[in-house]
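Participant: make a model of this:
(one chain, ligands or ions: 1)
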Amino acid sequence: MTHSYPTPDQPLKIGTRGSPLALAQAHETRARLMAAHALPEAAFEIVVIKTTGDDRTLIDADRPLKEIGNKGLFTKEIEEAMIEGRIDIAVHSMKDMPTEQPQGLLLDCYLPREDTRDAFVSRHVKTLADLAPGQVVGTSSLRRRAQLLNRRPDLKVVEFRGNVQTRLKKLDDGVADCTFLAMAGLHRLNMVEVAQSAIAPEDMLPAIAQGAIGIERRADDARMAEMLAPLNDLETTQRLAAERAFLAALDGSCETPIAGLALIEGDEIWLRGEILRPDGSERLFEEGRASIADGADLGRDLAARLRARAPAGFFSWL
Ligand SMILES: NCc1[nH]cc(CCC(=O)O)c1CC(=O)O
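Facilitator: Numbering: from 1, shown residues only. Model (predicted):
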């Protein structure tokens, strides 16, 4: 180590949102840094930063998130704090991260990926296939809404937001018969028992980067680069390179339901991706394989194939 380690007097500042899931991810990052460098907990300070996405006056309004703002809703204030030096690193759910970072910041450290599947959450229905016609699904995710309606146009979808506890309360109140959450979030919150079942990717392809935690730093911060290096998981990096190249090539303006999942099989990477119309009336799917080093090219290639197949008007921005 050529740089000095953080100490209780000069702790390493870990920036995060304040939600229970965000805090669990920050704690996991701290634990991994402590183990990798034999440091005490006191050498770290967790700095909670409120983002536009956490603003109750905006969030409590019953508007879908996509109408409130777009990219960086949950990251802008955290990235500003890092650029200003108030924090050293930021811990993010990669699923919520734009494909490009602001000038001066770098996102190149990924923790080993959790379960990528969506969870089927209900008080009285066991699996997605057991839903009866007309039953009500609560979700705020454009992707999940479109995927569900594509397969089951007979179901009713209602807007559903809030943290896990709020959503479970809504299920208890009978607002909806079921909802979906990422298995990864439930694992990290030790709440996996609220899932009736995990949904196979063949039935619901997850969001790009679902289940992955990324750690962002200042690009010129050599000390942090060195401290984060042992935390980076190679396979997660390779899978996200393919998935995020796919997303970037499709714009990924959160206005079109996009899903994708890469898996490593031997010395190959296998990528599946799909785009849907928001009402679920149309679904375009592609898959392909490449050598692992060519994952990003595979992602761009899959995106180009989908674009070529998409009828005019499929993307609202074209
Ligand atoms: N958009 C919110 C969000 N961002 C990351 C996760 C879950 C954890 C993950 O996918 O890493 C969630 C909640 C959810 O979809 O249930």
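Participant: pull up the residues of this protein that are close to the ligand.
Facilitator: Proximity of the chain to the ligand (Cβ under 6 Å from any ligand atom) is limited to residues S93, K95, D96, L181, A182, A184, G185, Q210, G211. Bear in mind the C-beta positions are built from the backbone N, C-alpha and C, glycine included.
Participant: identify the farthest-apart pair in the residues you listed.
Facilitator: Using Cβ to Cβ, the residues of the chain next to the ligand span at most 14.2 Å, a distance reached by D96 and L181.
Participant: and the next element down the chain from the helix or strand of the chain with the lowest mean pLDDT?
Facilitator: In the chain, the helix or strand scored least confidently by mean pLDDT, DSSP states H and E is helix 65-68, which has a mean of 50. Counting by DSSP states H and E, the element after helix 65-68 in chain order, helix or strand, is helix 76-83.
Participant: after that next one, next one along is what?
Facilitator: Along the chain past helix 76-83, the next helix or strand (assigned with DSSP H and E) turns out to be strand 89-93.
Participant: neighbouring strands for that next one, and are they parallel or not?
Facilitator: When sheet partners are counted by DSSP bridges, strand 89-93 sits next to strand 12-16 (parallel), strand 213-218 (antiparallel).
Participant: what's the longest helix seen in the chain packed up against?
Facilitator: In terms of residue count, the longest helix belonging to the chain (DSSP state H) is helix 20-37. For helix 20-37, the packing partners by 3 or more Cβ pairs under 8 Å, 6 or more residues apart in numbering; DSSP states H and E come out as strand 12-16, strand 44-48, strand 89-93, helix 183-188, strand 213-218, helix 222-228.
Participant: please name the nearest non-neighbouring residue to L155.
Facilitator: Distance criterion Cβ to Cβ, 6 or more residues apart in numbering; nearest residue to L155, sequence neighbours excluded, is V137 at 5.5 Å.
Participant: so what's the most centrally placed residue in the chain up against?
Facilitator: The centre of the chain sits closest to K95, judged by Cα atoms, centre = their mean, with a distance of 1.8 Å. Residues in contact with K95 (Cβ atoms under 8 Å, 6 or more residues apart in numbering) are A182, A207, I208, A209, Q210, G211, A212.
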